[in-house]
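[1] Pasted the sequence and its predicted model underneath.
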Amino acid sequence: MPYITQDARARIDAGGAPAHAGELNYAVTRLVDAYLARAAESEGRVRYAHLNEAIGVLECAKLELYRRVAAPYEDRKRTESGDVYSVT
């Protein structure tokens, strides 16, 4: 959850890097909130399209992180430790 201390919020809001998962969640939440706030200002309210766009961006960022970082990591670990699947 993005509920971190006020000191940590101030540090991240000032451009500091997140130090753990909760702070990373907060930083991402703030970016999405700012996007939705700007969209609401320009159109008078948040619309489904804005929510759909934000969720789509988060999903694509997640998939790209998995594709570029997590999958190669898992491939290295499988090579180091041996496969657990008997079917491929």
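    Looks like it came in fine. Numbering: from 1, shown residues only.

[2] Can you list the buried residues in the lengthiest helix in the chain?
    Using DSSP state H to assign secondary structure, the helix with the most residues in the chain is helix 21-43. Buried residues in helix 21-43, defined by neighbour count with 16 or more other CB atoms under 10 Å: 23, 26, 27, 32, 36, 39. Heads up, the C-betas are built off the backbone N, CA and C, glycines and all.

[3] Low-confidence bits of this protein, can you list those?
    1 (pLDDT under 70).

[4] neighbours around the residue lying closest to residue 30 once chain neighbours are set aside, how many?
    Spatially, and ignoring its direct neighbours in sequence, residue 30 is nearest to residue 13 (7.0 Å; CB to CB, 6 or more residues apart in numbering). Look at residue 13: counted by other CB atoms under 10 Å, it has 11 neighbours.

[5] Surely residue 13 touches residue 29?
    No. Using CB atoms under 8 Å, residue 13 is not in contact with residue 29, being 11.6 Å away.

[6] Check which element follows the longest helix of the chain along the chain.
    Next helix or strand after helix 21-43 toward the C-terminus (DSSP states H and E): helix 48-65.

[7] outside of that following helix, which residues touch it?
    28, 32, 35, 36, 39, 40, 43 (CB atoms under 8 Å, 6 or more residues apart in numbering).

[8] how near is the first one to residue 60?
    Shown here: residue 28 relative to residue 60, a distance of 13 Å by CB to CB, to the nearest Å.

[9] likewise the fourth one?
    If you measure residue 36 against residue 60 using CB to CB, the figure is 17 Å.

[10] just the third one next, same as before
    In this structure, residue 35 lies at 14 Å from residue 60, with CB to CB as the measure.

[11] what does the fifth one give?
    Going from residue 39 to residue 60 by CB to CB gives 18 Å.

[12] which of the contacts of helix 48-65 sit farthest apart?
    Farthest apart among the contacts of helix 48-65 by CB to CB are 28 and 43. That separation is 22.9 Å.

[13] quick one on the thing from earlier: which one of the buried residues of helix 21-43 sits closest to residue 3?
    residue 26 (7.8 Å).

[14] right, and that closest one touches residue 8 too?
    Yes. Counting by CB under 8 Å, residue 26 does reach residue 8; the two are 7.4 Å apart.
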